[in-house]
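[1] dropping the sequence and predicted coords here.
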Amino acid sequence: MEKAIVPKNVAQALDLHKMTWRKDSRNAQMLQFMALPFTGLKGTAAEILINFALKEPATYMQAVLYGYEPRMETASDVADVIELWMAKPYVDDERKDIERLAGVIAKHFQH
């Protein structure tokens, strides 16, 4: 399965919790993410994840299990992706890398 595309604030909240739980095993982290929607925490990054998990449980679990990427929501977000992409050396040839970048951008706008 592929990575989930999630809103930027959800990706940031997931990153924060992964960093907080970085010493835990992958399995322990997954269990903590599964239990989080039932904790009732308020006013924190946890609340962002709780709301997202209750609204979009399948996408939340996909993000926990397979990883996630923040959704590009503005032209500035797209520009940031292009800038990062251009700073890296070509993996194959120029055309294949352009097609790969186009695929990354197109995938985000399909969601």
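    Nice, I can see it. Residues are numbered from 1 along each chain as shown.

[2] how about P37, nearest residue that isn't a chain neighbour?
    A53 (4.1 Å; Cβ to Cβ, 6 or more residues apart in numbering). C-beta here means a position set from N, CA and C on the backbone, and glycine is covered the same way.

[3] just the pLDDT for that neighbour.
    A53 carries a pLDDT score of 96 in this model.

[4] I'd guessed it sits against T39; true?
    No. Contact criterion Cβ atoms under 8 Å: A53 and T39 do not qualify, at 10.6 Å.

[5] tell me which of these two has more neighbours.
    Taking neighbours as other Cβ atoms under 10 Å, A53 and T39 compare with A53 leading, 21 against 12.

[6] that older thread, please identify the helix or strand for the residue nearest to P37.
    Element membership for A53 (DSSP states H and E) is helix 45-55.

[7] can you give me the buried ones in the helix or strand following that helix?
    For helix 45-55, the succeeding helix or strand toward the C-terminus, using DSSP H and E, is helix 57-66. Of the residues in helix 57-66, T59, Y60, Q62, A63, V64 count as buried by neighbour count, 16 or more other Cβ atoms under 10 Å.

[8] what number of residues lie near the spatially closest residue to the last one that is not a sequence neighbour?
    In this case it means V64. Counting by Cβ to Cβ, 6+ apart, V64 lies nearest to F33, which is 4.4 Å off, once chain neighbours are set aside. Look at F33: counted by other Cβ under 10 Å, it has 20 neighbours.

[9] assign F33 to helix, strand or coil.
    helix (DSSP: H, G, I helix; E, B strand; the rest coil).

[10] R22 versus that one, what's the distance?
    Separation of F33 from R22 (Cβ to Cβ, to the nearest Å): 13 Å.

[11] what about the strands in the protein?
    Using DSSP state E, the strands of the chain run over 4-6, 68-70.
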